[in-house]
Each structure stands twice: as structure tokens, then as C-alpha cells.
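Participant: Generate a structure from the sequence data that follows.
(4 chains)
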There are 2 protein chains.
Amino acid sequence: MRYHRDDVVDRALVVLDAYGLADLTMRRLGGELGVQPSALYHHFPNKQSLLAAVADELLERGRRTPRPSGWDARVEAVCTELREAMLAYRDGAELVATVRAFGLGAGTPYDELVAALTDGDLDPALVPTAARTLLHYVFGHTVDEQTHLQAGSVGAIEDAPREDSDFALGLQIVVDGIRALAGAGSR
Amino acid sequence: MRYHRDDVVDRALVVLDAYGLADLTMRRLGGELGVQPSALYHHFPNKQSLLAAVADELLERGRRTPRPSGWDARVEAVCTELREAMLAYRDGAELVATVRAFGLGAGTPYDELVAALTDGDLDPALVPTAARTLLHYVFGHTVDEQTHLQAGSVGAIEDAPREDSDFALGLQIVVDGIRALAGAGSR
DNA sequence: ACCTGAACACCGTTCAAGT
DNA sequence: ACCTGAACACCGTTCAAGT
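Facilitator: You can find the predicted model right below:
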């Protein structure tokens, strides 16, 4: 059977969710598709760009488009959506963080945060730093959370609500910090 | 020649700084020591615990002990020291973040932040979240920073001061956010 | 355009055996 | 206590060749 790029990405997400990022190897993915590992190099120049495509698709699937009005509610919506998109797949947070680390893909959340903060009358010189600080929080928290959720397989149901409100609390710290900085400035 | 644990850690830091985390393999480290890779398993049960020991030693070497008084100045001192310790070795931030991700070592900065925040009269229920939020920021920013510094080999001298003040700005956001939360509470 | 088959240059880890 | 030598079960990537 013959595949193209999107089939490979789809199957990679299945393998990721079933076996985790460490087992998402070119050889294993080839095996799942009934194809030699070298065949994947027809679709992607290397594993990094395959992972970037998988991360982008994962984020795409997590999009819930209607955004609230008000810059702070919009910032919170973007961050919450990002977290939930990553939690929806096993090792999703680690995957997206890894892809971001080597400078590929996943630029959409950053751009959305920049747009929201700009609408909030934040000094333009502070916008990129504020946006990146939000992303560092979301990635850091969600990677930790997902690691621990997967570690304690049983009893995860009880921990889930505490994690939700803990995420909201840390997010509130960062957003309040941005508000403090905005207040000290032009407004 | 015969080594013990500390010799192996010392040499691992040399290899890390010279060749980077990706090339810090059991085989390469063995080679640098003039020893079979399997010999390293006499000193460490696996690579993860070797890396944890290397990360701990890296942080140990970065300690500049006198701490300022005032909870916020102390928080900033801990975060700045942590960043500088990681920047002192190639891929230092990635190493420490990786070790932290699989739940080993590097608990000292967290404990110090908890102590500082507790002294700052922050509601004890908020202290762990505030401390982890600070760490997410420091790790996220420093990993990004170190990746980009290493990418643009030339001209890094010009970028350094901008990175310093950018780190301080993001840190101010988080600290101000904590202050806002503290103000809303018991004080 | 999409894939095979074979190879290259690596990994971490185990384990019996040596000193 | 510290190390050797050999093996096991893997990796990502390249490349000539096939359809």
C-alpha cells in the first residue's frame, strides 16, 4: 500500500498515543505502516521534521476557535487550549516542547498571545517577553503534570481537579504580573 | 588507572562542556577515561543517575552563598544563580531540565524558593505553586537562551546584555504576580 | 512518486570473567 | 572494588535500485 505525508502523520499520532514518545521511532512507525523505515525519508528529510509535523497536527486538533473578548480572558483561553491540546495525547507536552526547542513549528500560540497582549495596550517592547513567559509557564507546568499523571497510573482521577486549579493559579500569577507591568507603564 | 564516582562526574562535565549533551554518551565518556563503557556501570546503575549526579555537581559549582534579606530579593538571587550556573556549561540548562523531568536530583533551588516565599508571608497554600512557576520560567527561559546563544556562534557578545535584561524582565513579571497574589491574601 | 534491501555508524545495558 | 570483552537489542540515516 502507498501513503503520503498526512497518512504518516496520522499514524505517528496513533503510535505516540499508544506507546509514547520514546517508542515513536522511525523503525517502529515504518513497521506500523508495513513499510521499511527508509521509506519515511521520502516524506520527511529527517525525524525532527516528522516530529514537527506531528506536533503541529496535534495542536491543530486541539483548536476550539471562538475566543473571548478582553485581552486577559483571551490570553487565558489560548493557554488553556494549548495545555488541553497537549494533554490529549500521551507525551504530547514533551513532544511540543521538544519541537519548539529545536526551533521548528508551533509558532501559532506565540502569535496569538502577541496579538492578545498588543490589544491589551501593553507596551510593545514588553509584549514578546510577556508572551514567552506565558509559554514557558504553560510548557513547564504541562510537561510536569503529564509526567506525573502517567507515573501514578491509578488514582489519576482524584488528582485531575487539583491539577486543573493548580494550572489556573500559576497562570493567574503570570497574568497578574503582566497586568502589574502594564499598569506601571502607559496606562 | 582506576577511578571512583567523583572522577567520572568530573570528566563527564568536561565532556559535556566540550562536546555537548548529545555527545555525552556512556561509550564516549568511557573512551575519555580510557575505560570500557561497561565499567561506568560499576559507579552508576544507569545513564540517568549519572546525568543526575552531573547536574547536581554543576549546580553545586554555581553556588554563590550569601543571600540578600527580603523575600523578593532572595527569590531573584536564587533564580539568577540558577540561570548562571546552567549557562556556565554547554547545554547546562537542557541537562538540568532533563534530569528534573525524570524526577531525580536538583531539588535544592525548589527548597530555597519555598523557604524564601514562606518568609515573605505568602499564603502557605500558594507557596508550592509560586515556587514551581518561578522554576518553569527560569528553566524555560534559560534553555531557549542557551540554544539560541549556541546557534549564533559569532555576535553572541552583542546579544548577551539584551538576554540579561530580558531574563530580569520576565522574572519581574512572575515576582510581581506573586506579590499581587500575596497582597490579595492575608496581608 | 513511493518503496525495498542492505549497509554504516552508532546507542544503552547485561553479564561472566578477570585482578 | 574496579574493570574487560563480548554480546544483545536496538537507533537514525544513506543510497543504489526497483515499480
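
Participant: where's the nearest residue to residue A:27 once chain neighbours are set aside relative to chain B, distance?
Facilitator: Leaving aside its chain neighbours, residue A:27 sits nearest to residue A:37 (4.6 Å; criterion: Cβ to Cβ, 6 or more residues apart in numbering or on different chains). Placement of C-beta: from N, CA and C, glycine included. Distance, residue A:37 to chain B, by Cβ to the nearest Cβ, to the nearest Å: 21 Å.

Participant: Hmm, residue A:37 is touching residue A:30, no?
Facilitator: Yes - assessed by Cβ atoms under 8 Å, residue A:37 is found in contact with residue A:30 at 4.0 Å.

Participant: After the helix or strand hosting residue A:9, which helix or strand is next? Please name it.
Facilitator: Element membership of residue A:9 [criterion: DSSP states H and E] is helix A:5-19. Note on helix A:5-19: by DSSP H and E, the next helix or strand toward the C-terminus is helix A:26-33.

Participant: contacting residues around that following helix?
Facilitator: With Cβ atoms under 8 Å, 6 or more residues apart in numbering or on different chains as the test, helix A:26-33 has contacts from A:3, A:7-8, A:11-12, A:14-15, A:19, A:36-40, A:47, A:50.

Participant: What is the neighbour count of residue A:183?
Facilitator: Residues near residue A:183, counting by other Cβ atoms under 10 Å in any protein chain shown, number 10.

Participant: Next one, pLDDT for it please.
Facilitator: Per-residue pLDDT puts residue A:183 at 81.

Participant: buried stuff in the helix holding residue A:9?
Facilitator: Residues A:8, A:9, A:11, A:12, A:13, A:15, A:16 are the ones in helix A:5-19 that count as buried (16 or more other Cβ atoms under 10 Å in any protein chain shown).

Participant: closest to DNA strand C among the residues you listed?
Facilitator: Nearest to DNA strand C among these: residue A:8, at 7.6 Å, using Cβ to the nearest atom of the strand.

Participant: Just give the nearest non-adjacent residue to that closest one, would you?
Facilitator: Excluding the flanking residues, the one nearest residue A:8 by Cβ to Cβ, 6+ apart is residue A:43, at 5.3 Å.

Participant: That neighbour: what's it in contact with?
Facilitator: A:3, A:4, A:5, A:8, A:50.

Participant: again, only using 10 Å
Facilitator: A:3, A:4, A:5, A:6, A:7, A:8, A:9, A:49, A:50, A:53 (Cβ atoms under 10 Å, 6 or more residues apart in numbering or on different chains).

Participant: low-scoring stretches of chain A, by residue?
Facilitator: A:104-106, A:152-161, A:185-187 (pLDDT under 70).

Participant: Regarding chain A, what is its longest helix?
Facilitator: The longest helix of chain A (DSSP state H) is helix A:156-184.

Participant: buried set for stretch A:173-187?
Facilitator: A:173, A:174, A:175, A:176, A:177, A:178, A:179, A:180, A:181, A:182.

Participant: That one vs chain B: in contact?
Facilitator: Yes - using Cβ under 10 Å from any Cβ of the partner chain, stretch A:173-187 reaches chain B at A:173, A:174, A:175, A:176, A:177, A:178, A:179, A:180, A:181, A:183, A:184.

Participant: For residue A:99, see how far away the second one is.
Facilitator: In this view, residue A:174 and residue A:99 are 22 Å apart by Cβ to Cβ, to the nearest Å.

Participant: Any part of stretch A:87-104 near chain B?
Facilitator: Yes - using Cβ under 10 Å from any Cβ, stretch A:87-104 reaches chain B at A:94, A:97, A:100, A:101, A:102, A:103.
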